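Trainee: no FASTA, just this:
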């Protein structure tokens with residue numbers, strides 16, 4: 001059956017390489033990609049909501065909020081990898097137009113987790129969560145043409 005697939009696809013002259021086999025085995029259909037996106041995005045939203053609920057637990061609530069909020073954002077970013085594929089997503093993340101937004105967003109994600117687990121500073125974790133929100137919003141609107149220019153103009157009008 002594999003030989004028939006190779007002949008019909010025009011690859012009968014050479015044996016497929018290991019990388020080609022991995023790519024063929026891991027490529028997902030569109031329906032599966034959409035289901036993966038929805039599931040991963042729903043998990044991200046659930047983590048963020050759960051983090052907000054855990055915020056009110058005495059002593060450890062702020063740290064739990066920071067961790068679950070960060071995990072929710074990571075899952076939400078990961079959900080778009082189902083639609084585009086991991087390599088295309090990474091290439092688009094590090095395009096020159098959104099390079100700074102990507103670096104700031106990833107730095108905020110890492111610093112939030114460091115402040116929660118390593119430094120054990122709840123106030124710092126909350127500050128990085130707030131910065132994470134703004135960095136994630138700025139990163140997200142970088143995918144919409146001219147959205148950042150519109151936001152800059154609105155903010156400058158509001159501040160003047």
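Mentor: Nice, thanks for sending it over. Only a predicted model underlies this, so the values are computations on that prediction, with no experimental measurement involved.

Trainee: buried stuff in stretch 130-147?
Mentor: 131, 132, 135, 136, 138, 139, 140, 141, 142 (16 or more other CB atoms under 10 Å). No exception for glycine: its C-beta is placed from N, CA and C like everyone else's.

Trainee: what are the phi and psi values at residue 121?
Mentor: The phi/psi pair for residue 121 (degrees, to the nearest 10) reads phi -120, psi 100.

Trainee: same question but for residue 85, I mixed them up
Mentor: Dihedral pair for residue 85: phi 100, psi 150, per degrees, to the nearest 10.

Trainee: per-residue confidence at the residue nearest the centre of the chain?
Mentor: For the chain, the residue nearest the mean C-alpha position is residue 77 (1.4 Å; CA atoms, centre = their mean). As predicted, residue 77 sits at a pLDDT of 92.

Trainee: where's it relative to residue 37, distance?
Mentor: For residue 77, the distance to residue 37 equals 12 Å [CB to CB, to the nearest Å].

Trainee: shared neighbours, these two?
Mentor: By CB atoms under 8 Å, 6 or more residues apart in numbering, residue 77 and residue 37 have no common neighbours.

Trainee: from residue 95, how far off is the residue nearest to the centre of the chain?
Mentor: Distance, residue 77 to residue 95, by CB to CB: 15 Å.

Trainee: okay, now residue 122: neighbour count?
Mentor: Residue 122: 18 surrounding residues under other CB atoms under 10 Å.

Trainee: go on, residue 76?
Mentor: 19.

Trainee: so what touches stretch 82-98?
Mentor: In contact with stretch 82-98 (CB under 8 Å, 6+ apart) are residues 28, 33, 34, 36, 37, 40, 80, 81, 102, 139, 142, 143.

Trainee: what ranges do the helices span in the protein?
Mentor: Under the criterion DSSP state H, the chain contains helices at 2-9, 18-26, 30-54, 61-84, 86-93, 99-113, 122-141, 147-159.

Trainee: let me know which of those helices is tucked in deepest.
Mentor: Most buried of those by mean neighbour count (mean count of other CB atoms under 10 Å) is helix 61-84; its value is a mean of 20.

Trainee: on that earlier part again, could you export the buried residues of stretch 130-147 as CSV, including distance to residue 73 and pLDDT?
Mentor: Shown next, in CSV, are the buried residues of stretch 130-147 (distance: CB to CB, whole Å; pLDDT from 0 to 100):
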residue, distance to residue 73, pLDDT
131, 12, 95
132, 6, 94
135, 9, 93
136, 6, 93
138, 13, 93
139, 10, 92
140, 10, 91
141, 15, 93
142, 15, 90
